[in-house]
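Asks: Quick one, fold the following:
(chains A, B, C and D)
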There are 2 protein chains.
Amino acid sequence: MPKSHFPEIRELDLFQGMQEDHFLALMRGAYVQNFPPQIELINEGDPSDFLHIVLSGSVDLFSTWNRRETSMATVRPISTFILAATIKDAPYLMSARTLEKSRIVLVPSEDVRAVFDIDPVFAQAIVTELAQCYRSVVKSTKDLKLRTSLERLANYLLRQQTRADGAAEFDLLIEKRRLASFLGMTPENLSRAFKGLHAYGVMVEGIKVRISNQRDLERFAKPSPLIDDYST
Amino acid sequence: MPKSHFPEIRELDLFQGMQEDHFLALMRGAYVQNFPPQIELINEGDPSDFLHIVLSGSVDLFSTWNRRETSMATVRPISTFILAATIKDAPYLMSARTLEKSRIVLVPSEDVRAVFDIDPVFAQAIVTELAQCYRSVVKSTKDLKLRTSLERLANYLLRQQTRADGAAEFDLLIEKRRLASFLGMTPENLSRAFKGLHAYGVMVEGIKVRISNQRDLERFAKPSPLIDDYST
DNA sequence: CGGGGTCTTGACCCTCCTCAAGGAAAGTGG
DNA sequence: CCACTTTCCTTGAGGAGGGTCAAGACCCCG
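Replies: Numbering: from 1, shown residues only, chains lettered A, B, ... in the order given. Now for the predicted structure:
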């Protein structure tokens, strides 16, 4: 794999503090690949052969059961996914597909486990990352069980707004059908939910969202750090 | 804390392989406490001062938002809970209350983090445990998003049956109102769901469940290892 | 034998899904 | 650059799943 990618990968929390030769050992076995959109990288149930790192583009993590499908998360650069399966050497619980043209690094799971065994700093970073992932899923479960779809959408918009540095107007980063699935509803219902948020000063046109009445929306959404803070 | 509890705690995957003096250091700072039923041990949002270990009784992990409440999990002996918050030194995401008279060990979070830093075997065990927790929550999210309430109940019963070594008749281990909340529905709706499973040979009387037609129920429930296997 | 909780049942209603069709974008090939 | 195709988004009508409210049955425990 080309060394030009090393710095940006090294920057990741996961690899930051680890010993240089261990990092190089990981990179030695890794390789980069470019994928077109809509390619299935991973099929849930498969053995977890690689830790994946998204360098560019974006990846959808989704799951299926009984001919139904739901979107679980979207992975954006630069970050890793399916760390837990790699560590436990257990089958993937989610499938993954590219949403756009994407550049992905594949690090053999064995290598990750091997370095994990000998590098305490790396081990520590993995723990932090896993704890983070765990807490994220717990939050998303709370979101699903405690809120109606309208409330979930409202809070989602507030989170996206925070990402956009609090701007009153910002773009949706994923297409609506996928957003609907992520929020646990149908595309039709998402359309109606957007309309339902008119009452709280939310205007949507295409991918453009404008929040004209911040206070109203927040009073309706009641965002909570214990559900909506993705950082802690 | 009385040494008599050491062996059973030491048996836990989390503490199995670690160095003896590290284990003793953890136990030195820990203390056991007996709680009556319905005591709130933890309030979500609080700083995570202790890693908890249930020795006997049972504990409900639940969350609230906007005057709504939902049950997230039930912890039974012998196991730990809220490891992620302890490790990340972040606020608890879930509240905890005893369901019955319970004996709980409290290990100061600082101690856990300190030993984690110096004992690689312990670190490894924590990683495994966290990965396990993460995968459990992912499974439960899939359960929630991909299945109807009737399907969730059917699969829950099959899982409980497995716990009871596959017996055709077994007892529900938690009260129905809590089960309902855990499965993401109301008590009323759970009652109706039990009736709805009559058609697949499920008989319920009080806490007794009898599965008279295993094949029918399984064909309806379509259990999947990627959602219902709590071990992987 | 009360009295508190839980569980069940019924009636009603609201949320959300399904199905179907029309419209808006966006990519494709001439 | 323009028709064509495809995909996505929206809108409407109808219906199923699940929530709410209220009342009664059951059950456990003092």
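
Asks: Against the centre of chain A, work out the most remote residue.
Replies: residue A:199 (29.9 Å; Cα atoms, centre = their mean).

Asks: which SS class is it?
Replies: Under the three-state scheme (DSSP: H, G, I helix; E, B strand; the rest coil), residue A:199 adopts helix.

Asks: quick one: residue A:66 and residue B:221 touch, right?
Replies: No: in this structure, residue A:66 is not within contact of residue B:221 by Cβ atoms under 8 Å, at 9.8 Å. Where C-beta positions appear, they are placed from N, C-alpha and C, glycine not excepted.

Asks: Domain ranges for chain A, per the record?
Replies: A:3-144, A:148-228 (automatic domain parsing).

Asks: Do a quick rundown of the helices in chain A.
Replies: Per DSSP state H, chain A carries helices over the ranges A:6-10, A:20-29, A:83-88, A:109-118, A:120-146, A:149-163, A:176-182, A:187-196, A:214-221, A:225-228.

Asks: Could you list the low-pLDDT ranges of chain A?
Replies: Applying pLDDT under 70 to chain A picks out no residues at all.

Asks: Show me what from it comes close to DNA strand D.
Replies: A:175-177, A:187-188, A:190-192, A:194-195, A:204 (Cβ under 7 Å from any atom of the strand).

Asks: Looking at those, state which has the most neighbours.
Replies: When neighbours are counted by other Cβ atoms under 10 Å in any protein chain shown, residue A:190 leads the residues of chain A next to DNA strand D with 20 neighbours.

Asks: hmm, back to that, distance to residue B:59 added to the domains of chain A, as JSON lines?
Replies: JSON lines is the format used below for the domains of chain A (distance: least, Cβ to Cβ, whole Å):
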{"stretch": "domain A:3-144", "distance to residue B:59": "16"}
{"stretch": "domain A:148-228", "distance to residue B:59": "19"}
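
Asks: quick one, which of these is nearest to residue B:30?
Replies: Closest to residue B:30 of the domains of chain A, according to Cβ to Cβ: domain A:3-144, at 20.7 Å.

Asks: hmm, back to that, check the residues of chain A next to DNA strand D and tell me the two furthest apart.
Replies: The distance between the two most remote of the residues of chain A next to DNA strand D (Cβ to Cβ) is 18.1 Å, for A:175 and A:195.

Asks: on that earlier part again, out of the domains of chain A, indicate the one that is most buried.
Replies: domain A:3-144 (a mean of 18; mean count of other Cβ atoms under 10 Å in any protein chain shown).

Asks: starting at the chain centroid, how far to that one?
Replies: From the chain centre to the centre of domain A:3-144 is a distance of 10 Å (Cα atoms, centre = their mean, to the nearest Å).

Asks: Is that domain positioned near DNA strand C?
Replies: No: figure legend: domain A:3-144 not in contact with DNA strand C (Cβ under 7 Å from any atom of the strand); closest approach 7.7 Å.

Asks: coming back round to it: overlap of the contact sets of residue A:66 and residue B:221?
Replies: Common contact partners of residue A:66 and residue B:221 (Cβ atoms under 8 Å, 6 or more residues apart in numbering or on different chains): none.
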